[in-house]
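Visitor: got a predicted structure here, sequence first:
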Amino acid sequence: MLKYIASTIKDLKLLSRDRAGLAMLFVMPLALIIIMTLLQDSTFKVLEERKLPLLVLNMDKDTFGINIVEGLVTSKFFKVVDQVGDNEEALKTLKERVSKGEFQIGVVVNKNATELLRNNIKYNIVKQLPDEDSLVFGDLAIKLEPAAKIEIYFDPITKNSFKQSITSALNEFSSGVEAKVLFGVYSSLLKQLLGMEMKNKGGFDKLVEVQTLYASNDNNIVIPNSVQHNVPAWTIFAMFFIVIPLAGNIIKERESGISKRLSVIAGSNMPIILGKVTTYFFVGIIQAISMLAVGVWILPLLGLPQLIIGDNYLALIILTAAVSLAASGYGVLIGSIATSQEQSSIFGSISVVILAAIGGIWVPVFMMTDLMQKVSMLSPLNWALVGYYDVLLRNVGISEILSYVLLLMGFFLICISCAWYFNRIRKSS
Amino acid sequence: MNLAIEVLNLTKQYRNTNTLAVDNISLTVETGEIFGLLGPNGAGKTTTISILCSLLQGTSGEVIINGMNLKSHSNEIKKNIGVVPQDIALFPNLTAFENLQFFGNMYGLKGTILETRIFELLEIFGLAQKAKQKLKTYSGGMKRRVNLIAGILHTPKILFLDEPTVGIDVQSRSVIMEYLMRLKENGMTIIYSSHHMEEAERYCSRVAIIDKGKIIIVGTPENLIKNHTNCNTLEDIFIEKTGRSLRD
């Protein structure tokens, strides 16, 4: 016990006297969390608030074209700019402006689109009527015309997500306009067929409403936002970066001969290793507390949403402790395997970046391929992230995150065991 | 004759090498003597000392320390040995006192007993006034003195020193060697490696010259000089036995 306490005190003293190390451990992660959250939040704002600029050429000038443009204008996703003119010259100009990157997307509603739509709707209705009734329309020779067209031009650098946004928006608007025109055509046909005058009440009410809700058993649901997602993700990332100073500390002691000196002292060296783990475990805990505090108190000052911690404090504490332990264990392992400080810092940082990447810190796991989704389950950062999402977004208790806590503890034990094994091999060589 | 250390046919071959770092050496060290292990660079001194203090495992052979086999009783043996490595194996960002307190704790010492012992030794080595200064502010000689203190805090029965006086001023060397003589007089067995022939001749009860992993010659400095009629000093014998060619 004396060895363990002395080792912990010694490492705490050394750490407290290393200003650069302290800055790396505490200031840099805080800067990281603020910058990443601001960046990701502004990305959301590009889509949600700043609106995607669209160059629109309405060559139809009738119901269909007017309604499509109106739909785009009233949508919260697009900023519509009209392309002046309604001829081939205007179309050519639109294409040029998009191809030069002035606009990423150009939308063209073709000439006579409304007329073509009306005609084809009428054709389809008349086709359904018995021959004798269709005669009511006399010499009305209705032929199927080409479909009314909306053309979308993309700048080659346009992101797929933008393409999908505009395509689905136009599909939605055109369906609405189709229904409107269909209703108008039906009215006109009924009048012709039955002599019945329809009351002109304008459009009809929306019949289907799509509601977006979050599935949770808890009524105090936290709305997911960039802060709620980013703070836990980058907290885990930063906590795992303690592998660099911890591994560096171990290697420095080995290179200076201190490890040798300690290994000729009777008894196990495990208390010394555990002393380091304890020191860096508390570093991880302080990092987590400070980063969560930034989410709660600092980010709102920067115009970002506040991090909602929820009320499952015990689950949060246990999970954070498990993450910190796992990170410390990994640091001990890297320090035991690497033969130089350079090796440990390069291997340590790159391996954490890789584990973060496959663990879903940068790209959400659901966006990965099936194979990568399976691979992500091997990353301790993924276990930590899913655990945090469970606590912070799904508001679950200890029993629901226990499996992740156990996985992280298991990872810690494996790391420590491997470190011990590597040290034995080194001694016998 | 009371043997502190008995080495029988000790061999060490490092992994992925063809040469033997220690080649079938046998030697004995009596209790209470200062035994000098002399040799040029790469001769096998540090490897031998590392095996004797159980830092490394020998490839073959047997080591008996205080009547106990090193392989089967290494933990028991470790309790009775002290090691002063060639490197300054201390924390530069801790004070001398903090360093010694840490190593004292590692040896199981604590409280006022440890503090008294630390200040007693710091006083002897002329460092008491600077006990609370960080080690990185110390000169080379001062660091060497603290390095020695860290190895003797727990008053071991056997002390291994790997070139304890390398690169230091005459005054520091003198203080260190005089104190080692005091320890010897108190019954401590000391095994030390060095390049300083004059120092070895003056302070060692017996010396062994080792080269290319083999022990070339063993004896008291006086007897060795007496038996080599063309040599006046231990250094002459050393040159005669190991040659003048430069070593890596």
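Guide: Yes, it's here.
Visitor: next, count neighbours for A:Leu302.
Guide: 11 (other CB atoms under 10 Å in any protein chain shown). In short, each C-beta sits where N, CA and C put it, glycine included.
Visitor: give me the pLDDT for it.
Guide: On pLDDT, A:Leu302 comes in at 87.
Visitor: correct me, but it touches A:Leu38?
Guide: Yes. If you go by CB atoms under 8 Å, A:Leu302 and A:Leu38 touch, sitting 6.5 Å apart.
Visitor: any idea how far A:Leu302 is from A:Asp41?
Guide: Relative to A:Asp41, A:Leu302 is positioned 9 Å away (CB to CB, to the nearest Å).
Visitor: list the residues that contact residue 240.
Guide: Since you didn't name a chain, this refers to chain A. A:326-327, A:330, A:352, A:355-356, A:380-381 (CB atoms under 8 Å, 6 or more residues apart in numbering or on different chains).
Visitor: actually it's chain B I care about, not the one you picked
Guide: By CB under 8 Å, 6+ apart, the contact list for B:Glu240 reads B:228, B:230-231.
Visitor: and the contacts of A:Phe240, which is closest to A:Leu170?
Guide: The nearest member of the contacts of A:Phe240 to A:Leu170, counting by CB to CB, is A:Ala356 at 37.7 Å.
Visitor: could you check how far that closest one is from chain B?
Guide: Using CB to the nearest CB, to the nearest Å, A:Ala356 is found at 31 Å from chain B.
Visitor: what about the residue nearest to the spatial centre of chain B, which SS state?
Guide: The centroid of chain B falls nearest to B:Leu161 when counting by CA atoms, centre = their mean (1.6 Å). The local conformation at B:Leu161, judged by DSSP: H, G, I helix; E, B strand; the rest coil, is strand.
Visitor: same question for B:Thr112.
Guide: Strictly by three-state DSSP, B:Thr112 counts as helix.
Visitor: related to what we said a few turns ago, buried ones among the contacts of A:Phe240?
Guide: Buried residues within these, counting neighbours by 16 or more other CB atoms under 10 Å in any protein chain shown: A:326-327, A:330, A:352, A:355-356, A:380-381.
Visitor: so A:Ile346 sits in a strand?
Guide: No. Read with three-state DSSP, A:Ile346 is helix and lies in no strand.
Visitor: check which element follows the top helix by length along chain B along the chain.
Guide: Longest helix in chain B by number of residues, with DSSP state H as the criterion: helix B:170-185. Heading C-terminal from helix B:170-185, the first helix or strand you meet, by DSSP states H and E, is strand B:189-194.
Visitor: nearest to chain A, of the contacts of B:Glu240?
Guide: B:Cys231 (34.8 Å; CB to the nearest CB).
Visitor: assign A:Leu304 to helix, strand or coil.
Guide: Taking three-state DSSP as the rule, one finds A:Leu304 in the coil state.
Visitor: if I look at it, how far off is chain B?
Guide: Distance from A:Leu304 to chain B, by CB to the nearest CB: 38 Å.
Visitor: residue contacts, that residue?
Guide: A:Leu304 neighbours (CB under 8 Å, 6+ apart): A:37-38, A:41, A:226-227.
Visitor: show me which pair in these is furthest apart.
Guide: Pairwise distances across the contacts of A:Leu304 (CB to CB) peak at 10.0 Å, for the pair A:Leu38 and A:Val227.
Visitor: more crowded one of those two?
Guide: Comparing A:Leu38 with A:Val227 by other CB under 10 Å, the one with more neighbours is A:Val227, at 23 against 17.
Visitor: the more buried one is in what secondary structure piece?
Guide: Following DSSP H and E, one finds A:Val227 within helix A:226-240.
Visitor: dump the C-alpha coordinates for that helix into CSV.
Guide: Extracted in CSV, the C-alpha atoms of helix A:226-240 (Å, rounded to 0.1, in the frame of the first residue of the first chain):
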residue,chain,number,x,y,z
SER,A,226,-24.6,19.5,-31.8
VAL,A,227,-23.7,20.1,-28.2
GLN,A,228,-25.5,17.1,-26.9
HIS,A,229,-23.7,15.0,-29.5
ASN,A,230,-20.3,16.6,-29.6
VAL,A,231,-19.5,17.2,-25.9
PRO,A,232,-19.5,13.5,-24.9
ALA,A,233,-17.8,12.5,-28.2
TRP,A,234,-14.9,14.9,-27.8
THR,A,235,-14.7,14.3,-24.1
ILE,A,236,-14.0,10.7,-24.7
PHE,A,237,-11.5,11.5,-27.4
ALA,A,238,-9.6,13.9,-25.1
MET,A,239,-9.7,11.5,-22.2
PHE,A,240,-8.1,8.8,-24.4
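Visitor: quick revisit: Throw the contacts of B:Glu240 into JSON lines and include distance to B:Tyr192, thanks.
Guide: Converted to JSON lines, these look like this (distance: CB to CB, whole Å):
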{"residue": "B:His228", "distance to B:Tyr192": "22"}
{"residue": "B:Asn230", "distance to B:Tyr192": "27"}
{"residue": "B:Cys231", "distance to B:Tyr192": "22"}
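Visitor: now list the buried members of the residues you listed.
Guide: Buried among the contacts of B:Glu240 by 16+ other CB under 10 Å: B:228, B:231.
Visitor: state the pLDDT value of residue 119.
Guide: Looking at chain A here, since you left the chain open. A:Asn119 is given a pLDDT of 86.
Visitor: not what I meant, chain B
Guide: B:Phe119 carries a pLDDT value of 94.
Visitor: burial measure for it, as a count.
Guide: Counted with other CB under 10 Å, residues neighbouring B:Phe119 total 15.
Visitor: who touches it in this structure?
Guide: B:128, B:131.
Visitor: now with 6 Å, please.
Guide: Each residue near B:Phe119 by CB atoms under 6 Å, 6 or more residues apart in numbering or on different chains is listed here: B:Ala128.
Visitor: for the helix or strand hosting it, what is the distance to the chain centroid?
Guide: With secondary structure defined by DSSP H and E, B:Phe119 is part of helix B:111-124. Its chain's average C-alpha position is 22 Å from that of helix B:111-124, according to CA atoms, centre = their mean, to the nearest Å.
Visitor: how about that helix: buried residues?
Guide: B:114, B:117-118, B:121-122.
Visitor: for the helix or strand following that helix, C-alpha coordinates in CSV please.
Guide: Per DSSP H and E, the first helix or strand lying C-terminal to helix B:111-124 is helix B:140-152. Output in CSV follows, covering the C-alpha atoms of helix B:140-152 (Å, rounded to 0.1, in the frame of the first residue of the first chain):
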residue,chain,number,x,y,z
GLY,B,140,26.5,16.4,-12.0
GLY,B,141,28.5,15.6,-8.8
MET,B,142,25.5,16.5,-6.5
LYS,B,143,23.2,14.3,-8.6
ARG,B,144,25.7,11.4,-8.3
ARG,B,145,25.7,11.8,-4.6
VAL,B,146,21.9,11.7,-4.4
ASN,B,147,21.9,8.7,-6.8
LEU,B,148,24.1,6.9,-4.3
ILE,B,149,22.0,7.8,-1.3
ALA,B,150,18.9,6.4,-3.0
GLY,B,151,20.6,3.1,-3.2
ILE,B,152,21.7,2.9,0.4
